[in-house]
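> curious how this folds, go ahead:
(chains A and B)
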Amino acid sequence: MSDAERLFESLARAIIDADETAAVQLSETILAKGFDSAKAIERGISVGMEKVGDFFEKSEYFIPDLLDCAAVAERATAILRKGLAKEPVSRGKIVMGTIFGDTHDIGKNIVALFMEAAGYKVLDLGKDVSARRFIDAAVQWKADVLAISTLMTTTRGNIQNVIEQLRLDGKRESFLILIGGRAVTREFAQTIGADGYAENAAETIRLLDKF
Amino acid sequence: MTDISPKERLDRALLGKPTDRAPVVCPGGMMNAAIVDVMNKTGHTLPEAHHDADKMSDLAFDVYENTGFENFGIPFCMTVEAEALGSAVDFGSLECEPKIQKEIFPSVHDAVYLPIGAIEKTLRAGSVIQAIHMLSAKHLDVPVIGSLTGPISAAASLIDPMTFLKQLRREKETSHKVIDYVVNQLISYAKLMADNGAAVISIADPTATGEILGPKFFDEYAVCYLNKITDAIHEIGVPVIIHICGDVRMVKPQLQKLHGDVLSVDAFVELKQLKTELGEMRTMGNLSTYLLEFGKADEIFNQAKHLTTKGIDVLAPACGLSTSTPSENIAAFTTAVKEG
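Have a look, this model is predicted:
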C-alpha cells in the first residue's frame, strides 16, 4: 500500500470515528504532500461515509452519529477541495426537498449529506416545497433526479401532484423521481409512478448509483 | 363499578387499579383530536383556539362530545413551550397543526437561559392553563389531560435540530445543560397545569425515539430527563403518561427504566408482548392513526374490539391523529371500547 493509500484509509477511519482533529490533520497532510485530492475525497471521505451508512443500517450508528460523521466529512472535503485543479465531475445532479405541507426535514437533510459525500451535486429546496417549485428548479438546474421526501400520510398525495404536473408539462421523462420518508413505501412509489424508493441514506446512494 | 366516572376510570387505569373496562382517551398535544369534521360542525376552530382560553376549552369540549374520547386534551399542538422560550411558530390553519417556523438558537452554545417560569408567563401558555382550569371546574367527572412536549423534542424546537442532534454526541456537557434548563421550565409549567386541575400530565417526545437516538443516547438523554419531569409531577400526586414514537424494540431495556405510570406507543408495537416486559408500568395505545384516517368505520370497530382483548390499560390512537380523520371513524373506535 502506498503512502497516499494509507492516508486515504486513515481519513476514512477518521470519518467513521467522527474524529475531526485527525480528519483535518490527514486532509492537510494529503494536500501538503501533493497527493490526489479527488482520490482522497473518493477513497477517504466517500468510503468512510459509505461505512457510516452501513453502520446505520445495522443499527450500530444512529442519527447523532450520522450527523457528527457527516460534519467531519464536510470539514475534510472543504480542505481537500483546495487541492482540486477543477471542480470534480459530478456523478449526477439532484434536486431534493420535503413535499408541500410537510416540514419534517431531518431525514431528508441526512440523505443530502450522504449524496454530497458520494459525489452527487445537490440542490436542496428545503421543506414544504410545492410541485411547481420542484419542477422549475429541476428544469433550471438541469437536474437528473428529483428526490422527494415526506413523513406524513396526509401530504404524501402531494408527491403524486409533482409527477402529474411533470406529465402535464411534458417533462416526466426528463427526470428520475426518487421518493423516501416514513409515510411512503416501495409499493406507494410504484402506484404513483415514481422511479424508485429508498428507505434510508445508504439505500439512496445504492439506488442512485444504479440509475 | 357501573357508576364509575371517566375521571375515576382513567385514574384507576393509570394506577393499575381494577376498573369496569379500559378508558379510551386522546391526550391532545402531539396526538391532538381537534379534527376538521368537529370544527366545521361546531364553529369553534383552529388556529384561533390555539390562543384563546374560551375557544380552546370550547373546542376541547366539542372534541369530547363528538368523538367519544373520555377526556379533555389540551393544548392542540406541540409548540406552546418552544414559542414561550423564543422560537418562531407558524400557527397553521384549520387543517394544519402549528409548527416551528424557526428555532431561536443555531447551536447549544448559543442558548440563552430565561428564568424558570418563563413558559407560563406567556399569553398562549396562560390560555392553556386557564382552559384547563375552566374545563376541570365545570366538568368534575371528566379528566383533563395537560399535554407537555417532551424534553428532547422541546430542546430540538429551540436549537436547530440537525445541529442539536449532532451536539448530543459531540457537545455532551452543553447539551445536558440546555436540556436540563428546558426540563426545569417544563416542570414548572406542568405543575401549574396540575395546580389548575389537570388530572394527568401526558408527555410526548417524538424526537426521542429509539430509531433516532439509539439505545445509548436514549438512555443518556431521554430516560434521564423524562424521569426528572415524571418524578417532579409525581411529587404533587399527578399520574404521568409517556408517549414514545416509532419502533421501540431496540430501546426496550431503557423503557423499563422510565418512571411514567403508562407508556403509550405506536401502532406496530405489539402491546400485549410489551406489557409483559415493562414490569410495573402500564400500557396505552395503539390503534393505527392510518386506519383511523383511511379505514372504514366497521374495520376500525373490529380492530378496536380486538385491541380491547389484549389487556391494554388505556386505549388511545397510536400516534398523532390527522385532523382529516372522519369523526365517524373515531366514534367507531370509542364505541367499540365502551361496549367492552
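> contacting residues for residue A:12?
Neighbour list for residue A:12: A:43, A:44, A:45, A:47, A:48, A:51 [criterion: Cβ atoms under 8 Å, 6 or more residues apart in numbering or on different chains]. Using the backbone N, CA and C atoms, a C-beta is placed for each residue, glycine as well.
> I figured the second one was touching residue A:4, is that so?
No. Using Cβ atoms under 8 Å, residue A:44 is not in contact with residue A:4, being 10.0 Å away.
> distance from stretch B:123-130 to the middle of the chain?
Chain-centre distance of stretch B:123-130: 17 Å, with Cα atoms, centre = their mean, to the nearest Å.
> re the thing from before, quick one, which of residue A:44 and residue A:4 is more surrounded?
Each of residue A:44 and residue A:4 has its neighbours counted (other Cβ atoms under 10 Å in any protein chain shown); residue A:44 has more, 30 against 17.
> SS state for that one?
Of the three states, residue A:44 takes helix under DSSP: H, G, I helix; E, B strand; the rest coil.
> shared neighbours, residue A:44 and residue A:4?
residue A:30.
> of the contacts of residue A:12 - the most surrounded one?
Among those, residue A:44 has the most neighbours (other Cβ under 10 Å), with 30 neighbours.
> and the closest residue to it other than its chain neighbours, how many neighbours does it have?
Nearest residue to residue A:44 in three dimensions, chain neighbours excluded: residue A:11, at 3.2 Å (Cβ to Cβ, 6 or more residues apart in numbering or on different chains). Residue A:11 sits with 28 neighbouring residues when counted by other Cβ under 10 Å.
> what strand or helix carries residue 190?
Using chain A. helix A:186-192 (DSSP states H and E).
> other chain: chain B
If you go by DSSP H and E, residue B:190 is part of helix B:172-195.
> tell me the mean pLDDT for that helix?
On average, the pLDDT along helix B:172-195 is 98.
> do stretch B:53-63 as well
Mean predicted confidence for stretch B:53-63 is 97.
> how about residues contacting that stretch?
B:26, B:28, B:33-35, B:38-39, B:41-42, B:44-46, B:48-50, B:69, B:72-76, B:126-128, B:130-131, B:134-135, B:139, B:144.
> find the nearest non-adjacent residue to residue 42, please.
Here I'm looking at chain A. Per Cβ to Cβ, 6+ apart, closest to residue A:42 is residue A:119, 7.1 Å.
> oops, chain B please
Leaving aside its chain neighbours, residue B:42 sits nearest to residue B:62 (4.3 Å; criterion: Cβ to Cβ, 6+ apart).
> neighbours of the one you found, just the number please.
The local packing of residue B:62 (other Cβ under 10 Å) involves 21 other residues.
> and it, what helix or strand is that in?
Per DSSP H and E, residue B:62 falls inside helix B:53-67.
> and the closest residue to residue A:162 other than its chain neighbours, how far from chain B?
Spatially, and ignoring its direct neighbours in sequence, residue A:162 is nearest to residue A:131 (4.4 Å; Cβ to Cβ, 6+ apart). Applying Cβ to the nearest Cβ, to the nearest Å, the value for residue A:131 to chain B is 17 Å.
> could you do residue A:198 as well?
Using Cβ to the nearest Cβ, one gets 16 Å for the distance from residue A:198 to chain B.
> just to be sure, residue B:315 is in a strand?
Yes. According to three-state DSSP, residue B:315 belongs to a strand.
> now for it: which residues touch it?
B:22, B:23, B:24, B:25, B:284, B:285, B:287, B:304, B:307, B:308, B:333, B:337.
> let's see it at 10 Å
Applying Cβ atoms under 10 Å, 6 or more residues apart in numbering or on different chains to residue B:315 gives the contacts B:13, B:21-26, B:69-70, B:284-287, B:304, B:307-308, B:333-334, B:336-338.
> would you show me how to pick out the buried ones of those residues in PyMOL?
In PyMOL, this line selects whichever of those come out buried by 16 or more other Cβ atoms under 10 Å in any protein chain shown:
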select buried, chain B and resi 13+22+23+24+25+26+69+70+284+285+286+287+304+307+308+333+334+336+337+338
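> how about the backbone phi and psi for residue B:212?
The phi and psi torsions at residue B:212 (degrees, to the nearest 10) take the values phi -80, psi -50.
> could you pull up the residues touching it?
A:62-64, A:106-107, B:152, B:156, B:161, B:165, B:168, B:206, B:218, B:222, B:245-246.
> repeat for residue B:276
Applying Cβ under 10 Å, 6+ apart to residue B:276 gives the contacts B:283, B:311.
> what distance do you get for the residue nearest to residue B:185 when sequence neighbours are not counted to residue B:182?
Residue nearest to residue B:185 in three dimensions, not counting chain neighbours: residue B:119, with 5.3 Å by Cβ to Cβ, 6+ apart. Distance, residue B:119 to residue B:182, using Cβ to Cβ, to the nearest Å: 10 Å.
> mutual contacts of those two, please.
Both residue B:119 and residue B:182 are contacted by B:81, B:82, B:85, B:154, under the criterion Cβ under 10 Å, 6+ apart.
> top of those by number of neighbours, please.
residue B:81 (29 neighbours).
> in the stretch 1-150 of chain B, what residue is nearest chain A?
At 4.9 Å from chain A, residue B:99 is the closest residue in the stretch 1-150 of chain B, using Cβ to the nearest Cβ.
> which SS class is the residue nearest to residue A:42?
Under three-state DSSP, residue A:119 falls in the coil class.
> what's around it, how many residues?
Using other Cβ under 10 Å, residue A:119 is surrounded by 19 other residues.
> now the one 10 residues further on
Using other Cβ under 10 Å, residue A:129 has 23 neighbouring residues.
> now residue A:155
Using other Cβ under 10 Å, residue A:155 has 20 neighbouring residues.
> contact partners for it?
A:98, A:99, A:100, A:101, A:102, A:103, A:104, A:128, A:181, A:183, B:96.
> need the residues you listed in JSON lines (columns: secondary structure and distance to residue A:196).
Formatted as JSON lines, the contacts of residue A:155 follow (DSSP: H, G, I helix; E, B strand; the rest coil; distance: Cβ to Cβ, whole Å):
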{"residue": "A:98", "secondary structure": "strand", "distance to residue A:196": "17"}
{"residue": "A:99", "secondary structure": "strand", "distance to residue A:196": "16"}
{"residue": "A:100", "secondary structure": "coil", "distance to residue A:196": "21"}
{"residue": "A:101", "secondary structure": "coil", "distance to residue A:196": "22"}
{"residue": "A:102", "secondary structure": "coil", "distance to residue A:196": "19"}
{"residue": "A:103", "secondary structure": "coil", "distance to residue A:196": "24"}
{"residue": "A:104", "secondary structure": "coil", "distance to residue A:196": "20"}
{"residue": "A:128", "secondary structure": "coil", "distance to residue A:196": "23"}
{"residue": "A:181", "secondary structure": "coil", "distance to residue A:196": "13"}
{"residue": "A:183", "secondary structure": "coil", "distance to residue A:196": "16"}
{"residue": "B:96", "secondary structure": "coil", "distance to residue A:196": "29"}
